[in-house]
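Colleague: following is a predicted model, sequence given first.
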Amino acid sequence: MEAYQTLYQPFQPTLTNTGQEQLGLSVQVHKPCLALSDDVYAFVEVNTRFSTMYPIVPDGTNMLFFSICSESFGGTQSSILDIPLNAGGGPYFGIWFQPGKLRSFFNVDVSEATNQLTEMDFLENNVFSSLQENLYEKASFNDRVKYCEKMLINHTQSISFPEKLKHALNILYREYGDISMAQLSSKVGWSHRHLNRQFLLHTGLTSKAFAQTIRINYFLKRCSQGGDSYLHHGLDLGFYDQSHILKTTAQHNVKLLSPISQQFMSNFYKPQP
């Protein structure tokens, strides 16, 4: 049985040391227990020293966001999502799901919330209606994590995750998103139409859009780590040239960042010749 959680490590610049320093953030990340590792990538808690925007780059994942006074669900993003954080409004807590695995707990069509930050009502699960209130009765981040793990384990949906979709995700991760959909359909054994239907239902994106999101995320991660030029990283990930890189990043609105995000992220999004 394939285990895909070890193949893809979504990249968020705000979780780097540079990101935390620039945005005045204090971030804790906790990996899930083994029983949830196929479905949950991590639990995250954020505090901020001053009001700021918390920019999330597209990575194919979904997240539940909580603060002391609110809760929301982040649909799959194809462009930058800026979430306002207020000084003293934290701790902000998040459950970060693996791509496509939200449906392990919520029987929803994820495509209906793509590129949206919606109310928790979208998830249509009364069991989790008191989650936000109960979370902030806990004294610490670790206590909140343990509470969430217990809730998720006890209320897993009996929805089977298609093995062929798992195989398709594994292929995309191994290829860094650089594979044609005709090849992917052939390798998986589904028609292109059915492949798209399954990707939309589980990830919120078409197979092509999801593949491009994965490639962009790998590109941003490599660029943030320095070393070779941005063009070199792009070519290594299957982009044709600098023009192709710029066009693709523009499609994901990576230049349409808030001023605060631009100040921190500008170097990530300016490919060097």
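Modeller: Alright, I've got the coordinates.
Colleague: give me the low-pLDDT residue ranges for the stretch 101-250 of the chain?
Modeller: By pLDDT under 70, the low-scoring segments of the stretch 101-250 of the chain are 227.
Colleague: can you show me the strands along it?
Modeller: Assigned by DSSP state E, counting those that start in this stretch, the stretch 101-250 of the chain shows strands spanning 117-118.
Colleague: can you give me the helices for it?
Modeller: With helices called from DSSP state H, counting those that start in this stretch, the stretch 101-250 of the chain shows them at 131-135, 141-154, 163-174, 181-188, 192-203, 207-224, 230-236, 242-251.
Colleague: which one of these lies closest to residue 105?
Modeller: helix 141-154 (6.0 Å; Cβ to Cβ). For glycine as for every other residue, the C-beta is placed from the backbone atoms N, C-alpha and C.
Colleague: buried stuff in that closest one?
Modeller: 141, 144, 145, 148, 149, 151, 152 (16 or more other Cβ atoms under 10 Å).
Colleague: again with stretch 7-27
Modeller: Buried-residue list, stretch 7-27, by 16+ other Cβ under 10 Å: 8, 10-14, 16, 19-20, 22-23, 25, 27.
Colleague: what angle sits between the top strand by length along the chain and helix 141-154?
Modeller: The longest strand of the chain (DSSP state E) is strand 40-48. Taking axes from the mean of the first three to the mean of the last three Cα atoms, to 10 degrees, one finds strand 40-48 and helix 141-154 inclined to each other by 150 degrees.
Colleague: re earlier: let me have the helices of the stretch 101-250 of the chain in TSV, extended by distance to residue 70.
Modeller: Listed next are these as TSV, based on distance: least, Cβ to Cβ, whole Å:
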stretch	distance to residue 70
helix 131-135	8
helix 141-154	16
helix 163-174	31
helix 181-188	38
helix 192-203	25
helix 207-224	27
helix 230-236	37
helix 242-251	31
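Colleague: of all these, which one comes closest to residue 36?
Modeller: helix 141-154 (5.9 Å).
Colleague: list of residues touching that closest one?
Modeller: Applying Cβ atoms under 8 Å, 6 or more residues apart in numbering, the contact partners of helix 141-154 are 28, 30, 32-33, 35-36, 39-40, 43, 45, 91, 93, 95, 105, 127-128, 131, 134-135, 138.
Colleague: one more time with 6 Å, if that's ok
Modeller: Applying Cβ atoms under 6 Å, 6 or more residues apart in numbering, the external contacts of helix 141-154 come out as 28, 30, 33, 35, 36, 43, 45, 93, 95, 135, 138.
Colleague: ok, stretch 233-247 next?
Modeller: By Cβ under 6 Å, 6+ apart, the list of residues contacting stretch 233-247 reads 176, 178, 215, 218, 219, 222, 223, 231, 271.
Colleague: nothing else from me, thank you.
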